[in-house]
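# Sequence first, then the predicted structure, then my questions.
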Amino acid sequence: MHDDQLRAVGLGDLGGEVVAAGTIEELLADPDSVTGRMMAAPLRHPLRGKRRDIDANDAGDGLNIVGAALHNLADVDVRFPLAALVCVTGVSGSGKSTLVRDVLHRNLRQLLARKPKSRRKTKLVGCRAIDGWKELGRILEVDQTPIGKTPRSCPATYVGIWDEIRRLFARTEEARLRGYAPGRFSFNVAGGRCSACDGQGVKRVEMSFLPDVKVPCEVCNGMRFNPETLGVLYKDKSIGDLLAMNVRDASDYFRTHAKIHHSLQLLSDVGLDYLTLDRSAKTLSGGEAQRLKLSRHLTSSGKKAAHRLFIFDEPTTGLHFDDIGKLLAALQRLVDGGNTVLVIEHNMDVVKTADWVIDLGPEGGDDGGHLVASGAPREIARNSDSHTGRFLK
């Protein structure tokens, strides 16, 4: 994105202003309002130009669940095409999560974890059989649960660029003269980090009868490292300066370093331009955490690897229209990389861009659990028994 586009979107330090206020008509006419623009010109589907061709008559091609009968699932047979963006829809309580998470994910995780000789002994849960899964190498659920196990976990460490950055600093002339190895520039081990805050950049202040408060470390001023380490510069920036950069600026700074720049660009592609590299993982929202996980998987999607099945459960929760567009583009990149993406979703923008839709219902609870329809979005829209189809139409 160019700077003028970023200002228009208002991400991070470029946000915080009232862009528009008024009636719907005034919002639609305001060129500075991203919300108004998205309402006036909604996302066009499919985003990639055309959907992937899936043979509706080839029942043996793909991942097949036979006799799913857990909770309210009514002994249904469901086919999930592989190497496609597949969306599972239906009203609340129709059995979507039961089918995808409790039956498909749970059983595949068991099967893929076992050695080939012992897989026949695996007792399936909630179904009679699952076929077509041997083409899969891994199954990954990308949810909105928090990332990082320590306060020092941050985007730079999570996406795997921090080690490379530390090596760059260790190769500078000043670092070699001082005998600093890459470990000197780690905030996870003693030596180069600030000893007052143990490399966290903040200190926790205990408050009586109130939640604890975090304040910037008065010794390093939030820079995480001691003065000697901060004295080593790479392109006029210390290691602390780099951590304080947001993804947008860091991507430009490392433009000549393909590996680092690629990872940062992927963070930008999923709409996380505004995050600073040292942002504590524990402060990320659920949507931010999910997109950070997605960017890390995108980093390896171009590599030759085993076929992976990605599961997303309502990934658009809390996202703006503009963010949804970026998310959908990222999901399509995963599929283009030779993977299968399975999404449980109510949002019509996701349903409309899917290659294949599996609609459960027709209602929730005891009146749900049936396969109402499956096929391309256009076919679902022609099904009069599908609530999803009516809204698609």
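Noted; the coordinates are in hand.
# When you work out contacts or count neighbours from here on, use the C-alpha atoms and nothing else.
OK.
# Against the centre of this structure, work out the most remote residue.
residue 177 (41.5 Å; CA atoms, centre = their mean).
# And what about it, helix, strand or coil?
Secondary structure assignment for residue 177 (DSSP: H, G, I helix; E, B strand; the rest coil): helix.
# Which strands or helices does whichever strand or helix holds residue 261 pack on?
Using DSSP states H and E, residue 261 falls within helix 258-269. Using 3 or more CA pairs under 8 Å, 6 or more residues apart in numbering; DSSP states H and E, the elements in contact with helix 258-269 are helix 247-253, helix 286-301.
# Least confident of those, on average?
Per-stretch mean pLDDT for those is lowest at helix 286-301 (a mean of 88).
# Who are the packing partners of that one?
Looks like helix 286-301 contacts helix 258-269, helix 321-336 (3+ CA pairs under 8 Å, 6+ apart).
# Could I get those helices in CSV, plus columns for distance to residue 363 and mean neighbour count?
Output for the helices and strands packed on helix 286-301, formatted as CSV (distance: least, CA to CA, whole Å; neighbours: other CA atoms under 10 Å):
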stretch, distance to residue 363, mean neighbour count
helix 258-269, 37, 20
helix 321-336, 27, 19
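# could those helices be laid out in CSV, adding distance to residue 276?
Formatted as CSV, the helices and strands packed on helix 286-301 follow (distance: least, CA to CA, whole Å):
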stretch, distance to residue 276
helix 258-269, 11
helix 321-336, 18
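# so which of the helices and strands packed on helix 258-269 comes closest to residue 146?
Closest to residue 146 of these, according to CA to CA: helix 286-301, at 6.1 Å.
# Which residue ranges of this protein form strands?
Along the chain, the stretches classed as strands by DSSP state E are 63-68, 76-80, 85-89, 129-131, 136-141, 202-205, 213-216, 307-313, 340-344, 356-361, 370-375.
# Point to the helix or strand of this protein where mean pLDDT is at its lowest.
For the chain, counting by mean pLDDT, DSSP states H and E, helix 3-9 ranks last in confidence among helices and strands (a mean of 44).
# before we move on, back to that, and residue 16, which of the helices and strands packed on helix 286-301 is closest to it?
helix 321-336 (16.8 Å).
# so how far is the closest one from its chain's centroid?
10 Å (CA atoms, centre = their mean, to the nearest Å).
# Can you list the neighbours in contact with that helix?
34-35, 38, 43, 47-48, 83-85, 269-271, 291, 294, 298, 301, 316, 340-341, 349-350, 353 (CA atoms under 8 Å, 6 or more residues apart in numbering).
# what ranges of the protein fall below the confidence cut-off?
1-12, 56-60, 301-305 (pLDDT under 70).
# on that earlier part again, can I get the strands of the chain in a markdown table with mean neighbour count and distance to residue 171?
As requested, the strands of the chain are exported to a markdown table (neighbours: other CA atoms under 10 Å; distance: least, CA to CA, whole Å):
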| stretch | mean neighbour count | distance to residue 171 |
| --- | --- | --- |
| strand 63-68 | 20 | 49 |
| strand 76-80 | 19 | 50 |
| strand 85-89 | 27 | 43 |
| strand 129-131 | 17 | 52 |
| strand 136-141 | 16 | 37 |
| strand 202-205 | 15 | 28 |
| strand 213-216 | 13 | 30 |
| strand 307-313 | 22 | 37 |
| strand 340-344 | 24 | 40 |
| strand 356-361 | 27 | 50 |
| strand 370-375 | 22 | 55 |
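# Tell me which of these sits nearest to residue 262.
Per CA to CA, nearest to residue 262 of the strands of the chain: strand 307-313, 21.2 Å.
# Next, the angle from that closest one to helix 321-336.
Put simply, strand 307-313 runs at 160 degrees to helix 321-336, going by axes from the mean of the first three to the mean of the last three CA atoms, to 10 degrees.
# Report the distance from strand 307-313 to the chain centre.
11 Å.
# Need the CA coordinates for that strand. PDB is fine.
What follows is strand 307-313, C-alpha atoms only, in PDB (Å, rounded to 0.1, in the frame of the first residue of the first chain):
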ATOM      1  CA  HIS A 307      -0.900 -31.300   1.400                       C
ATOM      2  CA  ARG A 308      -2.300 -29.400   4.400                       C
ATOM      3  CA  LEU A 309      -5.900 -28.900   5.500                       C
ATOM      4  CA  PHE A 310      -6.600 -25.600   7.200                       C
ATOM      5  CA  ILE A 311      -9.700 -25.200   9.300                       C
ATOM      6  CA  PHE A 312     -11.100 -21.700  10.100                       C
ATOM      7  CA  ASP A 313     -14.200 -21.200  12.400                       C
END
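# Quick one: list the elements packing against that strand.
strand 136-141, strand 340-344.
# Torsion angles phi and psi at residue 69?
The phi/psi pair for residue 69 (degrees, to the nearest 10) reads phi -140, psi 50.
# Can you give me the neighbour number for the residue nearest to it when sequence neighbours are not counted?
Distance criterion CA to CA, 6 or more residues apart in numbering; nearest residue to residue 69, sequence neighbours excluded, is residue 75 at 4.5 Å. For residue 75, the count of nearby residues is 18 (other CA atoms under 10 Å).
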